[in-house]
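# Okay, structure incoming, though there's no sequence with it:
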């Protein structure tokens, strides 16, 4: 596709429910990233994929969070037993290759998650 | 102390003014420095990047990096209402794909 596509764009869920967030990166981009942006905060790194492997998942805040990537393409971020503090915009980005980030990421528009 | 500090205070300027934004950082391993622009309800888009110290100019935008002071700046000349957005600094060590972001500055350019 022309850009990074994320779905859904908005999600309201009840506390305790599980949610799945989807990211379709730019075709050919082997690197994929998930970040979280809470209101008034900077972007918080969650996980990085190179191909289908996740060499850095140190940013996942708890074992309720997991992510996978298949076919070196689509990625899904799953949050189990959602809590109110999980409310945030979840941003996905992709880029060419690994190593120097000077190619820059291309971000999607994000999924705005609200836990009520 | 956070790795990247960016005073998140909003900034309002009249059209045509120079906008000056800055970030400080603590990790001396950072080599790549970026500025992203984020419009409301959109993802950040890469505006400028600089490797190591020095200046880089692109049209009305100038990015400066002073590694000795661990200080980076973004200047926007002849600001336009379309420049109204949140500006985030980001940085990374060489070979590391994980970016550390500042909190962002909301800039409003008043016509």
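Structure received. It should be emphasised that the depicted structure is a prediction, and the values quoted were computed from it without experimental measurement.

# ok, residue B:104 to residue B:38 distance?
7 Å (CB to CB, to the nearest Å). Every C-beta, even on glycine, is put in place using the N, C-alpha and C of the backbone.

# Looking at those two, which is more packed in?
For the pair residue B:104 and residue B:38, the greater number of neighbours falls to residue B:104 (24 against 21), based on other CB atoms under 10 Å in any protein chain shown.

# The more buried one touches residue B:5, doesn't it?
No: with contacts defined as CB atoms under 8 Å, residue B:104 does not count as touching residue B:5, sitting 11.8 Å away.

# Count the neighbours of the closest residue to residue B:51 other than its chain neighbours for me.
Excluding the flanking residues, the one nearest residue B:51 by CB to CB, 6 or more residues apart in numbering or on different chains is residue B:32, at 5.8 Å. Taking other CB under 10 Å as the criterion, the count of residues near residue B:32 is 21.

# On the three-state scheme, residue B:32 is what?
Classification of residue B:32 into helix, strand or coil gives strand, according to DSSP: H, G, I helix; E, B strand; the rest coil.

# My guess is it contacts residue B:91. True?
Yes: counting by CB under 8 Å, residue B:32 sits close enough to residue B:91 to count as a contact (6.3 Å).

# Need the residues touching each of the two.
When contacts are counted by CB atoms under 8 Å, 6 or more residues apart in numbering or on different chains, residue B:32 and residue B:91 are jointly contacted by no residue.

# sorry, back to before: any residues in contact with both of residue B:104 and residue B:38?
Residues touching both residue B:104 and residue B:38 by CB under 8 Å, 6+ apart: B:86, B:87, B:88.

# Could you list which of the residues you listed also contact chain A?
Contacts with chain A are made by residue B:88 out of the shared contacts of residue B:104 and residue B:38, judged by CB under 8 Å from any CB of the partner chain.

# what number of residues lie near the residue in chain A positioned nearest to chain B?
Per CB to the nearest CB, residue A:107 is where chain A lies closest to chain B, at 3.1 Å. Number of residues near residue A:107 (other CB under 10 Å) recorded here: 23.

# who's in contact with it?
Here residue A:107 is in contact with A:4, A:91, A:92, A:93, B:43, B:44, B:45 (criterion: CB under 8 Å, 6+ apart).

# of those residues, buried ones?
With burial judged by 16 or more other CB atoms under 10 Å in any protein chain shown, the buried subset of the contacts of residue A:107 is A:4, A:91, A:92, A:93, B:43, B:44.

# would a markdown table of the residues you listed with secondary structure and distance to residue B:24 be doable?
As requested, these are arranged in a markdown table below (DSSP: H, G, I helix; E, B strand; the rest coil; distance: CB to CB, whole Å):
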| residue | secondary structure | distance to residue B:24 |
| --- | --- | --- |
| A:4 | coil | 30 |
| A:91 | strand | 24 |
| A:92 | strand | 28 |
| A:93 | strand | 24 |
| B:43 | coil | 25 |
| B:44 | coil | 20 |
